[in-house]
Structure formats: structure tokens, C-alpha cells
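3D model of this:
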Amino acid sequence: MPNWCVNDVRFSGNEQAIENVTSLILKMSALEKATQNGQRPFFLKRDSERYFFEIKSWRDGNDYLLSYLTKWVPNASDVLRIGQKYNVSFVDAVEQNNGIYHRDLFCPGKIPLHSELELNELMSIDFDPQTDEYLFEGMRFEYVGNCVQFILDRKLLLLRNQFWK
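Next comes the predicted model:
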């Protein structure tokens with residue numbers, strides 16, 4: 001049985017670009033349901049470890065959200081190719097079963113950015129059993145996932161300021 005990676009993506013762009021991404025994802029989702037097999041975008045070659053499974057998607061205002069699973073490893077390069085093909089921006093969040101967390105940020109015409117939670121950062125998250133909260137650098141979080149997201153977002157912001165001037 002594979003270790004599953006949880007992948008969450010938020011696509012942003014003009015209405016036509018978002019409609020194109022929506023159409024692609026809805027077709028992949030329908031094919032997955034019909035065949036009971038993971039799917040890949042039609043413009044990417046087939047690869048046994050990089051299929052999208054349990055595809056769920058929805059609109060959130062002007063953005064399009066995608067949630068899916070991958071076996072063993074995330075497929076950030078595939079999401080990057082979707083962003084490039086349809087000229088949309090995206091931010092993704094990935095959690096692997098082995099405790100690896102990372103986020104990617106892409107904007108057309110800019111260098112893709114990647115941040116990963118380092119072991120020392122993970123180890124610096126404390127838990128306060130009296131308040132049932134997670135602590136990091138003096139801040140309190142109700143869920144450890146919110147704390148991890150904060151750390152990764154902060155790292156992406158630093159990279160963005162450094163490379164996207």
C-alpha cells in the first residue's frame with residue numbers, strides 16, 4: 001500500500017484561464033470516477049507514480065481550488081506545467097505521510113518558488129497541554145497544521161521578496 005501525499009492547490013488568473021483549468025480538472029475527475037484509476041492532464045506523459053487520485057475541486061470566488069492525493073511523492077512539477085500551460089498563478093500545500101511539508105508558489109513570468117519545513121523548524125513547535133495550543137516563536141496556534149502553514153508561508157514570503165522584486 002502506498003504512502004499517500006495530500007496536495008491542495010489554489011489557482012488564480014483571469015476568468016478564461018480559470019475556466020480552462022476548471023474544464024481540465026473536471027474532465028480528469030470524471031475519468032477517475034468512471035475508470036477508478038488515477039488521472040493525469042492530457043498534455044503530460046503517463047507515469048505510474050504521478051497520477052492524481054481522489055480529485056476534488058471547487059470555485060472560491062475568482063479562484064479555483066483543487067485537492068487530490070498522489071502515491072509516494074507529490075507532483076509539483078505537474079501542477080507547475082498546468083500553471084504554465086494555462087497561464088495561471090498557483091500556491092500549493094503538500095503533506096507527505098513521512099512528516100515532510102512544503103509549499104510552492106508560481107506566477108507566470110516569474111521564477112517558481114519552493115519552501116520546505118526543515119526538521120529544526122518542526123522540532124521548535126511546542127505544545128501547551130494547559131491551553132491545548134501549539135506554540136511557535138511566541139505565537140499560539142489551535143492546530144499544528146496552522147503553525148506549519150504559517151512557517152511555510154513566511155518562508156515563501158522571504159523568497160518572494162528576494163526573487164520577485
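
where exactly do the helices run in the chain?
15-35, 76-86, 119-123, 144-163 (DSSP state H).

Quick one: mean pLDDT for the longest one?
Just to be clear, that refers to helix 15-35. Mean pLDDT, computed over helix 15-35, is 96.

how is the protein carved up into domains?
Following automatic domain parsing, one finds the domains of the chain at 1-116, 117-165.

highest average neighbour count across those?
The highest mean neighbour count among those, using mean count of other Cβ atoms under 10 Å, belongs to domain 1-116: a mean of 16. Every residue, glycine included, has its C-beta placed from N, CA and C.

Dig out what the residue positioned nearest the centre of the chain forms beta bridges with.
Nearest residue to the geometric centre of the chain (Cα atoms, centre = their mean): Asp92, 2.4 Å. For Asp92, the beta-bridge partners under DSSP bridges are Val9, Asp104.

how close does it get to Tyr101?
Relative to Tyr101, Asp92 is positioned 11 Å away (Cβ to Cβ, to the nearest Å).

Repeat that for Leu80.
The value you get for Leu80 to Tyr101, if Cβ to Cβ is used, is 18 Å.

Then Lys56?
Taken as Cβ to Cβ, the span from Lys56 to Tyr101 is 20 Å.

again, but for Arg50
Taking Cβ to Cβ, one finds Arg50 at 19 Å from Tyr101.

And for Asn7?
Here the criterion is Cβ to Cβ. By it, Asn7 lies 12 Å from Tyr101.
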